[in-house]
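> predicted structure and sequence below. I'll ask about it afterward.
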Amino acid sequence: MEFGSVAGEREYAALVRAADHLVVGLDFDGTLAPIVDDPEDARIHPDAGEVLVALAAQVRAVAVITGRPARQALDLGGLEGVGNAIGEAGRELFVLGQYGNERWSSTQRRVISPKPPRGIATFMGELPRLMRRAGAADAWVEEKGLAVAVHTRRLEDPQGAFERLLPVLSEAAKSHDLGVEPGRWVVEVRAHGMHKGAAVRRLIEELEARAFVFCGDDLGDIEAFKAIEELRGEGFPSLLVCSASDEQTALAEMADVVVPGPDGVLDLLRELTEDIRGARA
């Protein structure tokens with residue numbers, strides 16, 4: 001594992017020592033699952049289940065924190081089966097969907113979700129007109145219940161369509177008191193306050209965690225990185241991992257470790273698992 005700084009090496013050594021109180025948080029798309037043109041075709045890395053089960057046996061808990069609806073992540077990742085195996089080992093898997101607003105866990109095996117935000121239905125009614133105005137009428141719309149995402153990846157000029165859509169959708173979202181989250185050729189509109197940083201903090205408080213690893217790849221993961229950086233300033237051992245891509249570089253600048261996509265993430269988790277085992281031997 002190559003660290004960006006000596007400080008990163010020290011953080012890693014400290015969280016290995018704190019493994020009994022360590023929570024590992026992971027994004028889904030681009031981190032556990034390769035990015036694909038159609039989000040409905042995404043599937044978790046074939047080795048991920050085995051790696052997560054082995055890791056969970058060594059740490060306090062594992063959490064998948066994703067912008068996808070929790071049920072969708074469970075199905076695409078086969079995570080209910082992974083949760084069964086983790087639960088049998090006396091540990092816990094969390095799946096926090098829609099940036100932490102939906103929750104499933106291996107001990108409470110149903111998705112808990114709030115009501116959709118006010119304004120989202122009206123925004124959806126305006127969306128076709130807004131997409132035509134931005135010259136992106138054929139962008140793919142993903143309705144999530146608590147949010148709506150407009151993907152440009154399938155279009156002939158995905159970057160250009162994204163750049164035209166972002167200001168148009170941002171203006172409309174503001175008029176309905178909704179927030180906007182840009183990502184890798186996707187613009188998501190949702191209620192304010194829905195972000196992964198809040199999800200990380202809730203998990204830490206609930207589980208009384210004393211160390212945290214977070215692996216992500218996109219702009220939606222920045223709030224999680226920021227939350228962990230704040231805790232680090234209070235002496236909280238942590239590790240920020242970027243699953244790198246050519247499409248997005250913002251996280252790489254904040255990360256302690258940059259790895260090559262889902263393959264690199266799983267290699268890092270394997271190494272972490274072995275280092276914890278070795279420290280206990």
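Now that the structure is in, tell me what you want to look at.
> how about the strands in the stretch 1-150 of the chain?
Taking DSSP state E, counting those that start in this stretch, the strands of the stretch 1-150 of the chain run over residues 22-26, 61-65, 93-97, 102-105, 140-143, 147-151.
> got it, and the stretch 151-281 of the chain?
Going by DSSP E, counting those that start in this stretch, the stretch 151-281 of the chain shows strands at 179-183, 186-190, 211-216, 238-243, 257-259.
> dump the strands of the stretch 1-150 of the chain to JSON lines, plus mean neighbour count, mean pLDDT and distance to residue 274.
Quick note: C-beta positions are derived from backbone N, CA and C, even for glycine. Listed next are the strands of the stretch 1-150 of the chain as JSON lines, based on neighbours: other CB atoms under 10 Å; pLDDT from 0 to 100; distance: least, CB to CB, whole Å:
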{"stretch": "strand 22-26", "mean neighbour count": "26", "mean pLDDT": "98", "distance to residue 274": "14"}
{"stretch": "strand 61-65", "mean neighbour count": "25", "mean pLDDT": "98", "distance to residue 274": "16"}
{"stretch": "strand 93-97", "mean neighbour count": "25", "mean pLDDT": "97", "distance to residue 274": "20"}
{"stretch": "strand 102-105", "mean neighbour count": "21", "mean pLDDT": "96", "distance to residue 274": "26"}
{"stretch": "strand 140-143", "mean neighbour count": "14", "mean pLDDT": "92", "distance to residue 274": "38"}
{"stretch": "strand 147-151", "mean neighbour count": "23", "mean pLDDT": "92", "distance to residue 274": "37"}
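> neighbours of the nearest residue to residue 162 once chain neighbours are set aside, how many?
Excluding the flanking residues, the one nearest residue 162 by CB to CB, 6 or more residues apart in numbering is residue 152, at 4.6 Å. Counted with other CB atoms under 10 Å, the neighbours of residue 152 add up to 26.
> ok, now residue 139?
Residue 139 has 24 neighbouring residues, counting by other CB under 10 Å.
> low-confidence regions, the stretch 1-150 of the chain specifically.
Confidence mapping of the stretch 1-150 of the chain against pLDDT under 70 gives the ranges 1, 3-5.
> let's see that with 80 instead.
1-8, 37-40 (pLDDT under 80).
> swap in the stretch 151-281 of the chain?
Filtered on pLDDT under 80, the stretch 151-281 of the chain yields the residue ranges 193-194, 245-250, 281.
> picking up where we left off before, wait, what's in contact with the residue nearest to residue 162?
136, 139, 158, 159, 161, 162, 165, 185, 186 (CB atoms under 8 Å, 6 or more residues apart in numbering).
> now the buried members of the residues you listed.
136, 139, 158, 161, 162, 165, 185, 186 (16 or more other CB atoms under 10 Å).
> now the helices for this structure?
Counting by DSSP state H, residue ranges of the helices within the chain are 6-17, 48-56, 70-77, 79-88, 120-133, 158-175, 196-207, 222-232, 250-254, 261-280.
> report the inter-axis angle for the second one versus helix 79-88.
Think helix 48-56. Here the directions of helix 48-56 and helix 79-88 differ by 20 degrees (axes from the mean of the first three to the mean of the last three CA atoms, to 10 degrees).
> helices or strands next to helix 48-56 in the packing?
Helix 48-56 sits against strand 61-65, helix 79-88, helix 261-280, with contacts defined as 3 or more CB pairs under 8 Å, 6 or more residues apart in numbering; DSSP states H and E.
> Serialize those to JSON lines and add fields for distance to residue 231.
Below are the helices and strands packed on helix 48-56 laid out as JSON lines (distance: least, CB to CB, whole Å):
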{"stretch": "strand 61-65", "distance to residue 231": "15"}
{"stretch": "helix 79-88", "distance to residue 231": "24"}
{"stretch": "helix 261-280", "distance to residue 231": "19"}
